[in-house]
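In: Sequence first, predicted model second:
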Amino acid sequence: MSRVVVVGSFNVDHVWRCDALPVAGATIAGRYASGPGGKGFNQAIAAVRAGADTTFVCALGDDAGGRLARDLADADGLSLRVQASEEPTGTAGIYVDAHGRNTIVIGAGANAILSADFATGQADVLAAAGVVLAQLESPVDTVLAALQAGRQCGATTLLNPAPANAATTTELLAHADVITPNETEFAALLARHLGERITADDVATLDGVTLHQHCRQLFPHGTVVVTLGATGVYVSHPEDALRGDARPHYRVAAEAAAVVDTTGAGDAFNGALAASLAGAALPAFADHVRFANRYAALSTERPGAALAMPSRAELVARFSE
């Protein structure tokens, strides 16, 4: 079985569904629900449900949120490596409007104490991993150490540089083999690392050659996968490392979906991409992207984040029809 290690965050999500996203000074009506989330946990659940033997390296508080994480991981067969924290388990407040768009506020809690020493101390699972996947809701030093350790063990290192306002360094990017920003995160990376100012809305409308040039300047040694929501996905490789593809850059169209909630779609894509890459059964990188694209589309047809992740059997049934 393919093996994935995810290093990242767990949050208890508090979700309000409302007709429109709240604005400053407004009091609006909404419907409330609570459940598990955090980019790391969402991606880990996606990876394990997509078919990978997955280990999630995280920090949890000694509280109801921490117990929830353990119970849900057990139910899905997700292996946990937990750094205990005196801080409360992370939380997120999420508002979702009638079109599935969302606004999120995060309280890091225990996620902020996940240490580099703890992450690199998981040598046994890192040594067996085909892919090490991380995001930026954990300390940057910890993410860097995890990517370094994964690469030293021969794993493909996959960095989801999210959220967009999280700090990134040249050294951090240098230790990733593949990065997976959405359009907002990609625009932020260009501004931070190249001084190039483009709006998130403009990313999807750029022609392929221009977008490829931006990707090569930003990330010359590796593959950039820009997720563009309803517009699909854009992929850019170095000319000498096409990962089985015939072209250095191309677009993959979005899959049709009856969208209910896009909250966890990016995490679904990343977890499924990691699972597919770790399996290594598909001949071209584009095939892995299509698998992840389909998985993400199916995840948007349900409310929630981690619990909205489909099983591999559901994915096969849907797209073999």
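Out: Sure, I can see it.

In: Going by residue numbers, what spans are strands in the stretch 151-300 of the chain?
Out: Using DSSP state E, counting those that start in this stretch, the strands of the stretch 151-300 of the chain run over 156-159, 178-179, 223-227, 233-236, 249-252.

In: pLDDT of the first one, averaged?
Out: Just to be clear, that refers to strand 156-159. The average pLDDT within strand 156-159 is 98.

In: and if you look at the longest one?
Out: Here the mean pLDDT over strand 223-227 is 98, rounded to a whole number.

In: Could you do the second one as well?
Out: When the per-residue pLDDT values of strand 178-179 are averaged, the result is 98.

In: That strand pairs with which strands, and in what direction?
Out: Taking DSSP bridges as the criterion, strand 178-179 forms sheet pairs with strand 156-159 (parallel), strand 223-227 (parallel).

In: Give me the residues contacting the last one.
Out: In other words, strand 223-227. If you take CB atoms under 8 Å, 6 or more residues apart in numbering as the criterion, strand 223-227 is touched by 177-183, 186, 203, 211, 215, 218, 233-238, 241, 243, 266, 269, 273, 285, 289, 296. Glycine gets a C-beta too; all of them are placed from N, C-alpha and C.

In: Could you pick out the buried ones from these?
Out: 177-183, 186, 203, 211, 215, 218, 233-238, 243, 266, 269, 273, 285, 289, 296 (16 or more other CB atoms under 10 Å).

In: Just the ones of those in helices?
Out: Among the buried ones among the contacts of strand 223-227, the members found in helices (DSSP state H) are Glu183, Phe186, Val203, Leu211, Cys215, Leu218, Gly266, Phe269, Leu273, Phe285, Val289, Ala296.

In: The first one: what's it in contact with?
Out: In this case it means Glu183. So Glu183 contacts Ala200, Asp201, Val203, Ala204, Val226, Thr227, Leu228, Gly229 (CB under 8 Å, 6+ apart).

In: 6 Å instead, please
Out: Glu183 sits next to Ala200, Val203, Ala204, Leu228 when contact means CB atoms under 6 Å, 6 or more residues apart in numbering.

In: likewise the third one?
Out: The contact partners of Val203, by CB under 6 Å, 6+ apart, come to Glu183, Phe186, Ala187.

In: and the second one, how far is that from Thr55?
Out: Looking back up the chat, that one is Phe186. Distance, Phe186 to Thr55, by CB to CB, to the nearest Å: 29 Å.

In: Next: the last one.
Out: Here the criterion is CB to CB. By it, Ala187 lies 32 Å from Thr55.

In: if you count what's nearby, which of the two comes out ahead?
Out: More neighbours surround Thr55 than the other of Ala187 and Thr55, with 25 against 22 (other CB atoms under 10 Å).

In: what packs against the helix or strand that one falls within?
Out: Counting by DSSP states H and E, the element that carries Thr55 is strand 53-61. For strand 53-61, the elements it packs on are strand 3-7, helix 39-49, strand 79-85, judged by 3 or more CB pairs under 6 Å, 6 or more residues apart in numbering; DSSP states H and E.

In: angle of the last one against helix 39-49?
Out: Right, strand 79-85. 160 degrees (axes from the mean of the first three to the mean of the last three CA atoms, to 10 degrees).

In: what about strand 79-85, average pLDDT?
Out: For strand 79-85, mean pLDDT is 97.

In: Please report how far the most centrally placed residue in the chain lies from Ala317.
Out: Most central in the chain under CA atoms, centre = their mean is Asp267, positioned 3.7 Å from the mean C-alpha point. In this view, Asp267 and Ala317 are 22 Å apart by CB to CB.

In: same deal with Asn160?
Out: To Ala317, Asn160 is 27 Å away according to CB to CB.

In: Right, I'll leave it there.
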